[in-house]
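> Build the 3D model from these lines:
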Amino acid sequence: MADQARDETPQERADRNWNELLQELRVSQTGVQVLAGFLVTLPFQSRFEELDSFQRVWYVCLLALALSTVGVMLAPVAIHRRVFQSDAKPELVQAGHRLTSVALGMIAVLMGGIFFLVVDMVFDRKAAAAGAVGAVVVLAGLLVVLPRRVASRS
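As a prediction, the model looks like this:
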């Protein structure tokens with residue numbers, strides 16, 4: 001509705017939406033890259049040897065998820081490179097929007113998984129599971145429920 005209230009052509013709207021999406025990606029991509037970098041360094045820490053087999057498998061899954069999330073967040077840029085100057089900006093914005101939405105879900109799972117691993121190391125698996133569920137619920141509320149409520153009110 002707000003897009004139709006603006007005095008802009010469909011191409012101007014697509015350009016504006018693409019720029020807004022890029023700003024969102026810049027912020028979230030930095031955070032995900034820091035998390036991925038943190039995970040990549042863990043095997044080189046002295047306490048890594050203390051992880052049991054479950055924790056090692058969990059760690060590798062988190063690493064794969066982190067790197068996949070980085071890939072999903074880079075995909076809109078790769079699509080842009082492929083369709084550059086081909087008058088496909090509306091399609092690019094739609095694909096970028098979908099990929100960014102998927103990435104937000106992946107970020108929530110990644111953060112919950114990291115929380116689980118850390119609490120499992122510090123306390124125990126039961127506390128880790130409870131805390132990770134709580135963290136994912138809070139993140140789902142912030143990343144899914146809250147945006148939907150804001151959107152439904154506008």
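> Mind listing what's buried along the one helix or strand Phe38 maps to?
In this assignment (DSSP states H and E), Phe38 forms part of helix 10-41. Neighbour counts over helix 10-41 (16 or more other CB atoms under 10 Å) mark Arg13, Ala14, Asn17, Trp18, Leu21, Leu25, Ser28, Gln29, Val32, Leu35, Ala36, Leu39 as buried. For the C-beta atoms, the positions are set from N, CA and C on the backbone; glycine is no exception.
> What is the distance between that helix and the centre of its chain?
9 Å (CA atoms, centre = their mean, to the nearest Å).
> pLDDT score for the closest residue to Trp58 other than its chain neighbours?
In space, Trp58 comes closest to Leu117 once its chain neighbours are excluded; the distance is 5.7 Å by CB to CB, 6 or more residues apart in numbering. On pLDDT, Leu117 comes in at 96.
> quick one, phi psi at Leu117?
When read as degrees, to the nearest 10, the backbone of Leu117 gives phi -60, psi -40.
> what ranges of this protein fall below the confidence cut-off?
By pLDDT under 70, the weakly predicted segments of the chain are 1-4.
> and with 80 instead?
For the chain, residues meeting the criterion pLDDT under 80 lie at 1-5.
> sorry, back to before: I'd like to know which elements the helix holding Phe38 is packed against.
When contacts are defined as 3 or more CB pairs under 8 Å, 6 or more residues apart in numbering; DSSP states H and E, helix 10-41 sits against helix 53-83, helix 89-122.
> Can you say which of those helices is nearest to Ala5?
helix 89-122 (18.3 Å; CB to CB).
> Please pull up the helix or strand immediately following that closest one.
Counting by DSSP H and E, what follows helix 89-122 is helix 125-140.
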